[in-house]
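Chemist: sequence and predicted structure below; questions after.
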Amino acid sequence: MHIAVAGNIGAGKTTLTRLLAKHYKWEAHFEDVVDNPYLDDFYNQMERWSFNLQIYFLNHRYRQVLSFRESGKDIIQDRTIYEDAYIFAPNLHAMGLMTNRDFKNYSSLFELMESLVQPPDLLIYLRSTIPNLVSQIHKRGRDYENTISIDYLSRLNERYEAWIYGYEKGKLLIIDVDNLDFVDNPEDLGEILNKIDAEINGLF
């Protein structure tokens, strides 16, 4: 079984992925933030490094998804291959931070990869407002995220909502995280687990 957690920067994907992996005894796979050789450069000079960063993520996630199916294990994944292609890359292109040539090249490569991988059995989307995202980003204090603007987050949020609205690749669970504290409040986590249990039971 392949479960994926999607959502904007600061929505709580990594934290929830850890908690769910622990609860269900799933194997967790995270975004490659620490070893990513492009992130710092990208946030300092987006136009120069946007294509390189997106190709790096696409390569990383494609390899991840292929390995999931081969492993035969129950997997939970922090962020999907679709988010780069439907949200981050088009947003960079629309903002003039990725050239038409690079975006066309990227999109063509994604279409090929997408045809070769299966979607997750369940997609969990963490919906959040901008003020909540900003609060969470400041709270975790990653240096390279200090330069993220509210305008950038807002553009991403709009694309996330449009993508989720049209998502038909598999089962989808939407969780509004603004008023949930699934880290320190067991009741909030329990509420999420109940919703996931209902979805998983429908998979069999």
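Modeler: Everything's here; your move. Numbers count the residues shown, from 1 in each chain.

Chemist: quick one: average pLDDT of the lengthiest helix in the chain?
Modeler: In terms of residue count, the longest helix belonging to the chain (DSSP state H) is helix 46-71. With pLDDT averaged residue by residue, helix 46-71 scores 92.

Chemist: neighbouring contacts of the following helix or strand past that helix?
Modeler: Towards the C-terminus, the helix or strand next in line after helix 46-71, according to DSSP states H and E, is strand 75-78. Residues external to strand 75-78 that are found in contact with it (CB atoms under 8 Å, 6 or more residues apart in numbering): 1-5, 13-14, 17, 20-21, 24, 26-31, 64-65, 68, 120. To be clear about C-beta, it is placed using only N, CA and C from the backbone, and glycine gets the same treatment.

Chemist: so which residues of the chain form helices?
Modeler: Under DSSP H, the chain gives helices at 13-24, 39-44, 46-71, 81-83, 89-94, 100-114, 130-140, 150-165, 186-201.

Chemist: got the contact list for residue 113?
Modeler: Shown here is residue 113, whose contacts under the criterion CB under 8 Å, 6+ apart are 58, 62, 81.

Chemist: next, find the distance separating it from residue 196.
Modeler: In this structure, residue 113 lies at 27 Å from residue 196, with CB to CB, to the nearest Å as the measure.

Chemist: cool, residue 170 as well?
Modeler: Relative to residue 196, residue 170 is positioned 14 Å away (CB to CB).

Chemist: ok, the two, which is more surrounded?
Modeler: More neighbours sit around residue 196 than around the other of residue 170 and residue 196, counting by other CB atoms under 10 Å; the figures are 18 against 14.
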